[in-house]
Structures are given as structure tokens and as C-alpha cells.
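Asker: turn this into a structure:
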Amino acid sequence: MPDWSITAVAGLSLVIWLYLLALRGGFWRAAQRFEAMSSAPADWPEVAIVIPARDEAAVIARALGSVLDQDYPGTFHVVLVDDQSRDGTAALARQRAEELGCQTRLTVLTSESLPTGWTGKLWALQQGLQQARRLAPKAHYIWFTDADVRHAPDNLRRLVAKAEHEELDLVSLMVMLSCRGIWELLLIPPFVFFFQKLYPFAWSNDPRARTAAAAGGCVLVNGEALHEAGDLEPIKGQLIDDCALAGLIKPIARTRGRGTWVGLTETAHSIRPYTGLGEIWRMVARSAYTQLRYSPLLLLGTLLGMVFTYLVPPLALLGLPWHGALPAAAAGLAAWLLMAVAAGPTFRLYRRGWWEALALPFAALLYTAMTVDPALRHWRGRGGAWKGRTRDAKTSTGDAAAETVVRGTAGR
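Answerer: Got it, this is the predicted structure:
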């Protein structure tokens, strides 16, 4: 390859990073934070809390305990949907409620069989929502939270205060993920960084922008807005359920003169560790090809984008002894440093040094493989698998949520 072409390729990577830092909604600053509490409302509205749980024996006591122990000044009730667990999740949940003296605050609902067309989590949430409405018909907000998330005691109070003070129909927190083992240290901060790059939070929080995003571990939604949307029925088959929910609520919030908000937090933590590369791989792969609308062309574009954005800079720099193009190496170095600077705030959120972001190209290579893997599975007629369920690939090709998300993140 001629020197000029190598320099052109490296220069393109540098231009990409200049664009990302200057024109992608400032995603890299990780500035959308759930920090100081908003002004307290005069009256604290009733809240119904829905927790889907499937084989969560290892974490349910701590997660549920943190929810039942919220210092919320108003009334709240928790519906835990036991999604056909085989490890005694329901019994452990009841035991934890008894230990805290909160039996009257908890209802454990056994999930019915999964109907055709529904994903497992959304079906559990829908059943929990229906039960919550029967038990707490006056609940103003619905709080969806996962069975592996531990919340600070004031989280619900702060969520409701923010929704009330800022007139929001949806408030979602991207909880802190486990980041201890070697694979977690390598892959979790980049995962959070990539998520913000795909769905710039500042754009999602702008009522005028098309981007709509949420993080499924913690979502507070206005009950009236959700009812107006048809509850979860319109998105029943979506694998990317959190962003699909945001895409459902945001237009309704706009017509109601209200907004939606998603941001980072240190007040909620996932207490499920990823024991190795395989667990992280399965988490990402289950929805990676869905995000691309099962399109080979979008997959090809994604692969090229990942190569030019993340792999070319280190290759251009480290390959200097072979290609001898000093301008290409300089462009590669500049792009690599910009990459590390961009990821720095997210790495600091996870108590990591910005220089650790220099390993981002290797993480990107692994995430690229995680995207190719489900595509190969899909072409072989095998759907995505999660928590013991395998989705038929033939039923996935019309995934409207993925289409909405891809359109929504293409621009403002």
C-alpha cells in the first residue's frame, strides 16, 4: 500500500475522533449525572415497583432488601414477578421481606407461560405492571428495576423528586456495573462508553431530538404516560427493551409538555459479577445483531466503522517500522490519544485511570467479535439466548425496537 494511502486511512481515523469529540452531543464527557436531589414535592405520589426475577437466588436478598428499605416518604408497593425460577428465588424474596418486617409491601407473583411474540423480561414486566395496577390503582409512577441492582436508600425519593421538579415522564439510571475481574476491567468501562456514544444522553434528554434511550436496570415512568402508550404491548417482542420503552414514552411526553431523562449514577450498583469473558460475551451478543436490524449491510458498515475508529490508529502507529509513513504514524498517535481522552471520564467513573483507555482498541476488537457472533448464529437459524431461553431467529427479523433505536441514534 502506498504511503499516501496509509496516511489517508490514518487521517480518516483522526477526523472520526475529531467529529466524535466535537459533534456527537458531548457524550464522552459523561456529564449527565444523577447527583444532587431536586426540590422535594409538596406531596409524595404513590409508586408501584415492579421487579422481574428469573433464577436470581444469588442476589435477590440484597437487591430486594435495598428496594424494600427505601426511605421514600410516600406510599409504595413492590411486585416481584418470579419468572419460572428453578433456584428458589421467590422463597428467598419472601424470606427477606419477613426479615425486614415488610411483608405487606411485597407481592410475589408467579409468571404465566411466555406467550408467542413476547420476550421473557417484557412479559414479566407486563404481568407485574397489571398486578401493580390492581394493588395500587392510584400509583402515579411505576418503577421498573432489576433483581440484581442494589439501590441507595434514597434512590426512589430522588427519582420521584427529579421527575416532579423537572416534569419528566421517564427517569432512567445507568447503574454501576460490576468491574473487578480482569475481563470486567477490560470490557465494562468501554461498554458504558460505547453505550453513551450510540445514544448520547444529552440528545436523549433533549425533547427536540429523535434519540431516545434508557437503561433497563432502573426506570421510573409516569403511569399515565405508560397507559397512554398502551403499556408494554407495543414493544412486547423487543430485545432492546429499555431503549424501546424510551422510544415509546418520549413522543408521548413531548405531547404532554414533559420530558425524559437518562444518566449515569453511583447510587445504584449491579451486584451480579461477570465471572469471565463468556458471560460478558453473551450479554452483548444477545442484542448486538438486533441493533443492526439483522442487516448484513449494516453489519458490514459497523465492522468498517469499528476498524477505522478503533483499530487503525494503533496499527498506523505501531506499524511504522513496516510502512515507514511518518505522517500516518503521527495521525494514528493523535487519534489514539484522542480516543483515550474521550474515554477518560467514563474510566474515571469506574475509578480507573484515563491511560487504561489506551487498551480500548483491544476491547473494541472483542466487541466487534461479539457483534459478528450473533450474526453468524442468525444466519444459521439460531436466535439469541438469555437465561435459558432461545429466541427463534425467524421471529426476530421484524424487530421494530431495533429499527427505532437505529433511526433515533442516527442523528438529532
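
Asker: what's the neighbour count on L320?
Answerer: 16 (other Cβ atoms under 10 Å). C-betas here are computed from N, CA, C, even on glycine.

Asker: quick one: contacts for it?
Answerer: Contacts for L320 (Cβ atoms under 8 Å, 6 or more residues apart in numbering) come out as 326, 328-329.

Asker: kindly report the same for T267.
Answerer: Applying Cβ under 8 Å, 6+ apart, we find T267 in contact with 34, 151-152, 154-155, 158, 173.

Asker: tell me which of these is nearest to P345?
Answerer: F34 (15.2 Å; Cβ to Cβ).

Asker: that closest one and F201: what is the separation?
Answerer: Plainly put, F34 is 11 Å away from F201 if you go by Cβ to Cβ, to the nearest Å.

Asker: and for the two, which residues touch both?
Answerer: Here F34 and F201 share the contacting residues 263-264, scored by Cβ under 8 Å, 6+ apart.

Asker: ok, the two, which is more surrounded?
Answerer: F201 (26 against 22).

Asker: confidence score at the more buried one?
Answerer: On the pLDDT scale, F201 is placed at 98.

Asker: likewise P361?
Answerer: Per-residue pLDDT puts P361 at 97.

Asker: so what does the host helix or strand of L170 touch, helix or strand wise?
Answerer: Counting by DSSP states H and E, the element that carries L170 is strand 168-176. The helices and strands touching strand 168-176, judged by 3 or more Cβ pairs under 8 Å, 6 or more residues apart in numbering; DSSP states H and E, are helix 155-166, strand 218-222, helix 241-255, strand 259-270.

Asker: still on that earlier bit, tell me the two of the contacts of T267 that are most distant?
Answerer: The most widely separated members of those, counting by Cβ to Cβ, are D154 and L173 (12.9 Å).

Asker: which one of the two is surrounded by more residues?
Answerer: L173 (27 against 14).

Asker: returning to what we had before: which of the contacts of T267 sits closest to D82?
Answerer: Nearest to D82 among the contacts of T267 is H151, at 20.0 Å by Cβ to Cβ.

Asker: dig out what that closest one forms beta bridges with.
Answerer: H151 has these beta-bridge partners by DSSP bridges: A268.

Asker: going by neighbour count, list what's buried in the strand holding L170.
Answerer: Neighbour counts over strand 168-176 (16 or more other Cβ atoms under 10 Å) mark 168-176 as buried.

Asker: from the contact counts, what lies against whichever strand or helix holds P327?
Answerer: Per DSSP H and E: P327 is located in helix 326-349. When contacts are defined as 3+ Cβ pairs under 8 Å, 6+ apart, helix 326-349 sits against helix 3-23, helix 182-198, helix 312-318, helix 320-323, helix 360-379.
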